[in-house]
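> A structural model of the following input is requested.
(chains A and B)
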Amino acid sequence: MSQCCHSVHARGTGGALPLPPDFIALAGNPNAGKSLLFQRLTGAYAEVSNYPGTTLEITWGRWGSETLVDTPGVYGLSSFNPEEQVARDILLGARRVINVVNATHLERDLFLTQQLIDAGLAIVVALNMMDEAEALGLRIDVEGLSRELGVPVVPIVARTGRGVDRLAEAVSRAAPGRPTPAVIRRLGDLPPAIPRPEALLILEGDPEVAGRWGEEPRPFRDELYRARRERVEGICARVVSLPAQETWGDRLSRLLIRPFPGLPILAGLLWLTYKAVGEGVAGSLVGLLEEGLMQRYYEPLVRDLVGRLVGEESPLFRVLAGEFGVLTMTVTYVVGVILPLVAAFYLVLSILEDTGYLPRIATLLDRVMGAIGLNGKAIIPLILGLGCVTMAVITTRMLSSERERRLATYLLALAVPCSAQLGVVTLLLARAGVGSTLLYALVVLTVFVSAGLLLDALLPGEAPPLFLDLPPLRLPEPRNVLLKTWVRTRHFLTEATPLFALGALVLGVLEVTGILTAVQGWLAPLTEGWLGLPREAATAFVMGFVRRDFGAVGMSTMPLTPAQTVTALATITLFVPCIASTLVLLKERGRAEGALIWLAAVATAFLVGGLVHHSVRLGGAILGAAGAPWVTVLGCAAAVAGAAALSQAVRHRRLGAMERAPEEAAD
Amino acid sequence: MTLAEARTGEKVRIERIADPEFRLLALRMGIGEGEEVALEEVIPGGPILVRRQRQRVAVGRSLARRIRVHLVR
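This next block holds a predicted model:
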């Protein structure tokens, strides 16, 4: 029985993903340069698909006559998180493994290497970033390392391609290396029928693998980890000579994580991004493309063509080339508005990722994030959410507890606008003025913070402590940054365009059949009465169901006062996430919770939108036109203070119940 | 003393990490029990940045309070 289950599973990786049985896997720590090496080896033709049963994307491609599979970056072979489980299962099915090791971080990276060796896998070590190691003055005895480990070691620089051509030959010599002696002693504990890799994981207490073999997980994890660590330290002491010098990156790194000047630097970078993307791209490039190119040349051309084919008065003409024309509005907004904005945001995000700045932001903001029940690491999915909420919901998997994933996902679905939406919002706010921009930012931030405080109070548990690897700061590689930006932008467009076209089609049909006017009438109490917007705003909300940014686009075609603009944009920002995010939301959080988050977002959006409208009106009535926003500002302050007080109260009660358990655990 | 009580610039030996999960994660990173680490930066009220050779790890304050250390210098 266990035999059968195992063979299904070990081959399951190759079976569920369309892989041949003898594939080669890349394994390595995060930031070891695995993806760059993968690109070098396979060229541009890589295939990507979700690992079965997860939303983790696995990339594979052809390398000569071989199939090469990239695995998620992990520090060890175990099941601390979904990345590790997926990496573990792919590696269990691999014929050979190329272990990418960061030459400047041997003490850390060789732990995984030694674990792969202890698992009896046939491996080759690709000793990456040799140029950086040399620049740091690190001297590594490559032959000595190969002798100690008992496997081929190839020094490479994946960034430039140096040494990469020698990998092919080395892979043919891939061999099981010299295991940690303690592992060999303990292996006798298990029936010999269990293959070595699985046996190691069972010894190290992996419950999943043990279950597949009908074994109890063994209690030797501490012992084997310690023995392995000692062996790695010994190897490093013999093969690496280490100078104690500080680089510019080390000094800058310290400045970035200190509240001063770290916070001003962060604020400055955000301002620069706003300037570049909001004013540069949104202001000038979008204007040029949208009005200059699309509306002047493209749309008249299409209208003329479609008119000749189907007649200018026909309903089909209005669906294809009318106000919400599938061929006119869709193409104009996708090419003229969304494309430049999304590409610009992805460019900024890719640069942020590749410099190693994100984990510094996480460290800097750990204390602040603690207030809303998250640790600093959660800032990373939230920042990525500014690029694409769908992608960010998936990256919440990097968070270590279920509670944090729930909190972060809810905040992402509610109060983090994605790049497309943020772009359109920025465009409209730039027209409405600085005051409106600040008020909008205040309202959205208030909702974000209050929701975080309340959720933290409501959900049982605490923010898990931060434990975060800070990779060295580095200048991003332009080639890699551009490639990432391009891949993500392309992915976004292929996903967004059909949805937008669908939305336009639905709207076109609703308009032609007169249903749209009827819907606007039904929703008038909400749009006109509660939100104080023109009743045509209903169209924007219908669009918003398809994608949030289209909702914002819908608002852009209406003449709105600055106050109405703030109300409309705040509502549409908080409004439901786009269809793609909703699908991922349902998948990641389950149907019941996903639906709850979704409904809560709609309710919050309209509630907050109405409060903004009425408070601004009240402010206008009391303080006159100039003082109109102050009641809203006061309301925001009151909301945050109230949520904070409630969260404090709940936390005190909880702390009392636990009787300061954390301090006790230290003794 | 605990890691949370150490100051920027000090060097400590890690004596005991009570939490089993973080004990193993720390071993993987090479900052497990018995290792000497430098405190590169202690952020007031926030995380403690420990360094061993070129490896840097930000340790949250609540975890640092549960890590027993011995001052080396």
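> Chain B contacts on the stretch 201-350 of chain A?
Neighbours of chain B within the stretch 201-350 of chain A, by CB under 8 Å from any CB of the partner chain: A:221-222, A:225-226, A:229, A:232-233, A:242, A:253-254, A:257-259. No exception for glycine: its C-beta is placed from N, CA and C like everyone else's.
> I'd like those residues laid out as JSON lines, including secondary structure and pLDDT.
Listed next are those as JSON lines, based on DSSP: H, G, I helix; E, B strand; the rest coil; pLDDT from 0 to 100:
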{"residue": "A:R221", "secondary structure": "helix", "pLDDT": "93"}
{"residue": "A:D222", "secondary structure": "helix", "pLDDT": "93"}
{"residue": "A:Y225", "secondary structure": "helix", "pLDDT": "96"}
{"residue": "A:R226", "secondary structure": "helix", "pLDDT": "95"}
{"residue": "A:R229", "secondary structure": "helix", "pLDDT": "96"}
{"residue": "A:V232", "secondary structure": "helix", "pLDDT": "96"}
{"residue": "A:E233", "secondary structure": "helix", "pLDDT": "94"}
{"residue": "A:L242", "secondary structure": "coil", "pLDDT": "75"}
{"residue": "A:S253", "secondary structure": "helix", "pLDDT": "91"}
{"residue": "A:R254", "secondary structure": "helix", "pLDDT": "91"}
{"residue": "A:I257", "secondary structure": "helix", "pLDDT": "93"}
{"residue": "A:R258", "secondary structure": "coil", "pLDDT": "92"}
{"residue": "A:P259", "secondary structure": "helix", "pLDDT": "91"}
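> quick one: which of those is nearest to B:A64?
Looking at those and their distance to B:A64, the nearest is A:I257, at 14.8 Å (CB to CB).
> The closest one is in contact with A:R360, isn't it?
Yes - between A:I257 and A:R360 there is a contact under CB atoms under 8 Å: 5.3 Å.
> thinking again about what came up before, any of the residues of the stretch 201-350 of chain A next to chain B buried? List them.
Among those, those classed as buried by 16 or more other CB atoms under 10 Å in any protein chain shown are A:221, A:225-226, A:229, A:232-233, A:242, A:253-254, A:257-258.
> burial of A:T539, as a residue count?
Applying other CB atoms under 10 Å in any protein chain shown, we find 26 residues neighbouring A:T539.
> what's the answer for A:L618, then?
A:L618 sits with 15 neighbouring residues when counted by other CB under 10 Å.
> quick one: it from A:A570, how far?
As judged by CB to CB, to the nearest Å, A:L618 and A:A570 stand 16 Å apart.
> What of A:V519?
Using CB to CB, A:V519 is found at 22 Å from A:A570.
> Who has more neighbours out of the two?
Neighbour count, other CB under 10 Å: between A:V519 and A:A570, A:A570 has more, with 28 against 16.
> Other residues contacting the helix or strand hosting B:L39?
Take DSSP states H and E as the rule and B:L39 turns out to sit in strand B:36-42. With CB atoms under 8 Å, 6 or more residues apart in numbering or on different chains as the test, strand B:36-42 has contacts from A:254, A:257-258, B:6-14, B:31, B:48-52, B:56, B:72.
> Which residues of chain B lie near chain A?
Near chain A, when you scan chain B using CB under 8 Å from any CB, you find B:2, B:18-30, B:32, B:40-41, B:43-47, B:49, B:52-68.
> at 6 Å what do you get?
Counting by CB under 6 Å from any CB of the partner chain, chain B comes close to chain A at B:2, B:18, B:22, B:24, B:27-30, B:41, B:45-47, B:53-58, B:60, B:62-63, B:66.
> can you count the residues close to A:G594?
Per other CB under 10 Å, the neighbour tally for A:G594 reads 19.
> my bad, should have said A:I98
Neighbourhood size, A:I98 [other CB under 10 Å]: 26.
> For the helix or strand hosting it, C-alpha coordinates in PDB please.
Using DSSP H and E, A:I98 sits in strand A:96-102. Extracted in PDB, the C-alpha atoms of strand A:96-102 (Å, rounded to 0.1, in the frame of the first residue of the first chain):
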ATOM      1  CA  ARG A  96      19.700  15.000 -10.800                       C
ATOM      2  CA  VAL A  97      19.900  18.300  -9.000                       C
ATOM      3  CA  ILE A  98      21.900  21.400  -9.800                       C
ATOM      4  CA  ASN A  99      22.300  23.100  -6.400                       C
ATOM      5  CA  VAL A 100      22.900  26.900  -6.900                       C
ATOM      6  CA  VAL A 101      25.000  28.200  -4.100                       C
ATOM      7  CA  ASN A 102      25.700  31.900  -3.400                       C
END
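> the strands in chain B, which residues?
Using DSSP state E, the strands of chain B run over residues B:11-17, B:36-42, B:48-52, B:55-59, B:67-71.
> gap between the third one and the chain center?
Here strand B:48-52 shows a centroid-to-chain-centroid distance of 6 Å under the convention CA atoms, centre = their mean, to the nearest Å.
> quick one, it and strand B:67-71 angle?
On the basis of axes from the mean of the first three to the mean of the last three CA atoms, to 10 degrees, strand B:48-52 is oriented at 60 degrees to strand B:67-71.
> List the neighbouring strands of strand B:48-52 plus their orientation.
Using DSSP bridges, the neighbouring strands of strand B:48-52 in the sheet come out as strand B:36-42 (antiparallel), strand B:55-59 (antiparallel).
> For stretch A:101-109, which residues meet the burial criterion?
Across stretch A:101-109, burial judged by 16+ other CB under 10 Å covers A:101-109.
> Is it in proximity to chain B?
Yes - using CB under 6 Å from any CB, stretch A:101-109 comes into contact with chain B via A:104-105, A:107-108.
> Low-confidence ranges, chain B, go.
Counting by pLDDT under 70, chain B contains no low-confidence segment.
> same for the longest helix seen in chain B, what does it pack against?
If you go by DSSP state H, chain B has its longest helix at helix B:20-29. Applying 3 or more CB pairs under 6 Å, 6 or more residues apart in numbering or on different chains; DSSP states H and E, one finds that helix B:20-29 makes contact with helix A:221-239.
> and the next element down the chain from the helix it packs on?
Going down the chain from helix A:221-239, the next helix or strand is strand A:240-241, by DSSP H and E.
> Adjacent strands (with direction) for that following strand?
Take DSSP bridges as the rule and strand A:240-241 pairs in its sheet with strand A:139-140 (antiparallel).
> Follow the chain on from the strand it pairs with and name the next helix or strand.
Toward the C-terminal end, the helix or strand that comes next after strand A:139-140 (DSSP H and E) is helix A:142-149.
> Whichever of the residues of chain B next to chain A end up buried, select them in PyMOL.
Per 16+ other CB under 10 Å, the buried members of those correspond to this PyMOL selection:
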select buried, chain B and resi 2+22+24+27+28+29+30+41+46+47+53+54+55+56+57+58+60+62+63+66
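> Right, I'll leave it there.
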